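S.K.: my questions are about this predicted structure, shown below with the sequence.
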Amino acid sequence: MPCPDPAELMTWYDRQRRALPWRALPGEHPDPYRVWLSEIMLQQTTVQAVKPYFAAFLARFPTVRALAEAPAEAVMSAWAGLGYYSRARNLHACAQVVMTRHGGRFPATEAELRDLPGIGAYTSAAVAAIAFGEVAAAVDGNVERVMTRLFRLETPMPAGRAEVARRTLAMVPADRPGDFAQALMDLGATICTPRKPACALCPWRTPCLARPAGEQEAYPRKLAKTDGTLRRGAAFVLVRNDDAILLRTRPPKGLLGGMAEVPTGLWSDRHDPLRALDDAPTSFATSSPIFRSN
């Protein structure tokens, strides 16, 4: 079986690359701010969902300085609807660190980028490769899928991620690391898809080990999921005399950190709706409110 040739992928990418609002055109130098912003937005979110938010966010905060100097409330408002709101808080904090510690310029290496708030292994490698041309292995879900099928890697994710990163890094062309990273992403997003991959159109269909075995959809291997615990709780809605609904702010870390919510009781697998008022705010509970227990 022939070894996968990075040049074949790059030839395919030059013909089939996706036109994305944050992606530099051929011959253009990528803008680190746009690259970083798009990578944060794309975490746990689809390209189609991100496109309108990216345009609106960029119009509101066109530079890292504008983002760093904006009130936190404005950043959260611009992010509203994208979900995973810790990303927005980290985005704001990262912009401030770039301004205060790096003079408004993103650091150019994977190691330095990793030290910024909200930037992990994948994002630091992606920004380093795409924006600064560093040879780095940007491994996201698309890359895991492509590489595990290509080499029939048996170690389940996430334990197998280290081997995927090692094999990916060994293939990165020194003259086009950013294009290679984006080519792998595009290949996974458009050809090597989770279901019914279009193998006939793949530039690596010949060296791929999973294809002749008919096992493309079996990779990447994943551990069996364990059932979670169902918990229930009560939410309390307090309406003021002027019809305003009183909210509180959640703790800054954890699920929906920093977001506004109506007060809630404890969430438990032994929740008793008849005792829900025991968890209500004191002034609320003594006023005999109408409440719903979920």
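M.R.: Cool, got the structure.
S.K.: compute the first-to-last residue distance for stretch 14-33.
M.R.: 24 Å (CA to CA, to the nearest Å).
S.K.: chain center to that stretch: distance?
M.R.: Counting by CA atoms, centre = their mean, to the nearest Å, stretch 14-33 is centred 19 Å from the centre of its parent chain.
S.K.: can you give me the buried ones in that stretch?
M.R.: For stretch 14-33, the neighbour count (16 or more other CB atoms under 10 Å) marks 17, 20, 22-24, 30-33 as buried. To be clear about C-beta, it is placed using only N, CA and C from the backbone, and glycine gets the same treatment.
S.K.: quick check: closest non-adjacent residue to the residue nearest in space to the middle of the chain.
M.R.: For the chain, Gln43 is the residue whose C-alpha lies nearest the centre (CA atoms, centre = their mean; 1.0 Å). Among residues not flanking Gln43 along the chain, Arg87 sits closest, at 6.2 Å (CB to CB, 6 or more residues apart in numbering).
S.K.: okay, now the one you found: neighbour count?
M.R.: Counted with other CB atoms under 10 Å, the neighbours of Arg87 add up to 17.
S.K.: who's in contact with it?
M.R.: For Arg87, the contact set (CB atoms under 8 Å, 6 or more residues apart in numbering) comprises 40-41, 43, 79, 118.
S.K.: now swap in Ala126 and tell me
M.R.: So Ala126 contacts 35, 39, 136, 138, 140, 181 (CB under 8 Å, 6+ apart).
S.K.: low pLDDT regions in this structure?
M.R.: 1, 282-294 (pLDDT under 70).
S.K.: show me how the record splits it into domains.
M.R.: The record assigns the chain these domain ranges, following automatic domain parsing: 6-218, 226-294.
S.K.: let me know the closest of the contacts of Arg87 to Met171.
M.R.: Within the contacts of Arg87, the smallest distance to Met171 is 23.8 Å, found for Gln43 (CB to CB).
S.K.: so that closest one touches Tyr84, yeah?
M.R.: Yes: using CB atoms under 8 Å, Gln43 is in contact with Tyr84, at 6.9 Å.
S.K.: quick check, Thr148 in a helix?
M.R.: Yes: judged by DSSP: H, G, I helix; E, B strand; the rest coil, Thr148 forms part of a helix.
S.K.: can you tell me the element Ala59 falls in?
M.R.: Applying DSSP states H and E as the criterion places Ala59 in helix 47-60.
S.K.: among the buried residues of stretch 14-33, which are in helices?
M.R.: 32-33 (DSSP state H).
S.K.: now the residue nearest to Ala70 when sequence neighbours are not counted: how far from Ala78?
M.R.: Nearest residue to Ala70, sequence neighbours excluded (CB to CB, 6+ apart): Phe61, at 6.0 Å. Distance of Phe61 to Ala78, computed by CB to CB, to the nearest Å: 7 Å.
S.K.: ok so, going back, make a PyMOL selection of whichever of the contacts of Arg87 turn out to be buried.
M.R.: Applying 16+ other CB under 10 Å to the contacts of Arg87 leaves a buried subset, and the PyMOL line that selects it is:
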select buried, resi 40+41+79+118
